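A.B. asks: 3D, please:
(chains A and B)
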Amino acid sequence: EDQVTQSPEALRLQEGESSSLNCSYTVSGLRGLFWYRQDPGKGPEFLFTLYSAGEEKEKERLKATLTKKESFLHITAPKPEDSATYLCAVQDSGGSNYKLTFGKGTLLTVNP
Amino acid sequence: GAGVSQSPSNKVTEKGKDVELRCDPISGHTALYWYRQRLGQGLEFLIYFQGNSAPDKSGLPSDRFSAERTGESVSTLTIQRTQQEDSAVYLCASTPSSQETQYFGPGTRLLVL
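C.D. replies: Numbering: from 1, shown residues only, chains lettered A, B, ... in the order given. Have a look, this model is predicted:
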């Protein structure tokens, strides 16, 4: 059974204070690892897909990396508008290769 | 273009009543998914549609839950005889095909009193 564990559960940063969120996963075969951002009262917003170990993707202050066991979402010089819950999900390459298995998320708060 | 839409955005109901939740996918998206997000929990997969057939209903929590889809368009998730543990956010997502990035709607927040 696919499993995703995100840490920390909550992270509070000062504006400009860089940090990383972790997503550890167990899957029989990885088709893709997804990062989403979720604001209160809204649905998840797609950020990145990573497909193979060593892959990196960037978008503004966010950079996602992938190894065979985990993914990191690095946030450089965050701003208050980066405050949200960040969700990690995996899609396996087997018979259930259409559904996502999600972690519980990391609640990020960036104080001005 | 228009994204995934869901209605109602909020629903309060009494225990034992039936509710219907609606999802309008992005136009042209053949695959549609329902997930449930309970407080403090990760999103849980409920059901997947490819066109109007549902190859995987394995995530539906009980026989009180059912879903249907009309063609490659609207889907309805029905919960019969609601229970308090059904209180959650129900999210719908769609993709052009089954293995592409899933784009989510805003969700329906269901509260069962």
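A.B. asks: please tell me I have it right and A:Leu107 contacts A:Thr85.
C.D. replies: Yes. Counting by Cβ atoms under 8 Å, A:Leu107 sits close enough to A:Thr85 to count as a contact (5.0 Å). The C-beta positions use only the backbone N, C-alpha and C, and glycine is treated the same way.
A.B. asks: how about the strands in chain B?
C.D. replies: B:5-7, B:10-13, B:19-24, B:31-37, B:43-50, B:53-56, B:65-69, B:75-79, B:88-95, B:103-104, B:108-112 (DSSP state E).
A.B. asks: tabulate those strands (CSV), appending mean pLDDT.
C.D. replies: Output for those, formatted as CSV (pLDDT from 0 to 100):
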stretch, mean pLDDT
strand B:5-7, 97
strand B:10-13, 98
strand B:19-24, 98
strand B:31-37, 96
strand B:43-50, 94
strand B:53-56, 88
strand B:65-69, 96
strand B:75-79, 98
strand B:88-95, 97
strand B:103-104, 96
strand B:108-112, 98
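A.B. asks: distance check, the residue of chain A most remote from its centre against A:Gly29.
C.D. replies: Farthest-out residue of chain A from its mean C-alpha position, per Cα atoms, centre = their mean: A:Gly95, at 23.7 Å. Counting by Cβ to Cβ, to the nearest Å, the separation of A:Gly95 from A:Gly29 is 11 Å.
A.B. asks: neighbours around B:Glu85, how many?
C.D. replies: When neighbours are defined as other Cβ atoms under 10 Å in any protein chain shown, B:Glu85 has 10 of them.
A.B. asks: actually B:Asn10, not the one I wrote
C.D. replies: Neighbour tally, B:Asn10, other Cβ under 10 Å: 12.
A.B. asks: what sits against it?
C.D. replies: B:108-109, B:111 (Cβ atoms under 8 Å, 6 or more residues apart in numbering or on different chains).
A.B. asks: any idea how far it lies from B:Pro25?
C.D. replies: Taken as Cβ to Cβ, the span from B:Asn10 to B:Pro25 is 21 Å.
A.B. asks: export the strands of chain B to TSV and tack on distance to A:Ser71?
C.D. replies: Shown next, in TSV, are those (distance: least, Cβ to Cβ, whole Å):
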stretch	distance to A:Ser71
strand B:5-7	28
strand B:10-13	33
strand B:19-24	29
strand B:31-37	20
strand B:43-50	17
strand B:53-56	25
strand B:65-69	31
strand B:75-79	30
strand B:88-95	20
strand B:103-104	19
strand B:108-112	29
